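>>> predicted coordinates and the sequence they were generated for:
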Amino acid sequence: MVPTSYYILLSAALFTIGVLGVLIRRNAIVVFMAVELMLNAANLALVAYARERLSIDGQVLVFFVITVAAAEVAVGLALLVAIFRTKRTTDVDEVSTLRG
């Protein structure tokens, strides 16, 4: 059986990669993917702790986090498409001013 600390270390590594993706990249789609990576890293930690405590609470919370993440992706991509139609770019620096 794999120790819980390995799952937590993997979760921390994935979360760090996600943070770096948000801070370094300028493409909005890549930023959304990095945010999803951070959410999945948190989900992995929650499931690992739930498994350690022999409880289902962490898994229920993960279900809600996945639901909110799906809604975030749908709204975020809709906004991205709307901004792309007017600005013709997905670069975060160029889109930062939403005036015409």
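Looks like it came in fine.

>>> and the next element down the chain from the longest helix seen in the chain?
Ranked by residue count under DSSP state H, the longest helix found in the chain is helix 57-87. With elements assigned by DSSP states H and E, the helix or strand that comes after helix 57-87 is helix 92-95.

>>> from the contact counts, what lies against that following helix?
Judged by 3 or more CB pairs under 8 Å, 6 or more residues apart in numbering; DSSP states H and E, helix 92-95 is in contact with helix 28-53, helix 57-87. In short, each C-beta sits where N, CA and C put it, glycine included.

>>> excluding residues flanking it in the chain, which one is nearest the residue nearest in space to the middle of the chain?
Among the residues of the chain, the one closest to the centroid is E36, at 2.0 Å (CA atoms, centre = their mean). For E36, ignoring the flanking residues on the chain, the nearest one in space by CB to CB, 6 or more residues apart in numbering is A69 at 6.3 Å.

>>> ranking the helices and strands packed on helix 92-95 by burial, who's on top?
Comparing the helices and strands packed on helix 92-95 by mean neighbour count (mean count of other CB atoms under 10 Å), helix 28-53 ranks first with a mean of 18.

>>> how far does it sit from the chain's center?
7 Å (CA atoms, centre = their mean, to the nearest Å).

>>> report the rounded mean pLDDT for that helix.
On average, the pLDDT along helix 28-53 is 94.

>>> re earlier: out of the helices and strands packed on helix 92-95, which is closest to Y6?
Checking these against Y6 by CB to CB gives helix 28-53 as the closest, at 8.6 Å.

>>> relative to helix 57-87, how tilted is the closest one?
Inter-element angle recorded for helix 28-53 and helix 57-87: 180 degrees (by axes from the mean of the first three to the mean of the last three CA atoms, to 10 degrees).

>>> which helices and strands does helix 28-53 pack with?
Under the contact rule (3+ CB pairs under 8 Å, 6+ apart), helix 28-53 is packed against helix 4-24, helix 57-87, helix 92-95.

>>> turn those into TSV, including distance to N43 and mean pLDDT.
Below are these laid out as TSV (distance: least, CB to CB, whole Å; pLDDT from 0 to 100):
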stretch	distance to N43	mean pLDDT
helix 4-24	8	97
helix 57-87	5	89
helix 92-95	25	70
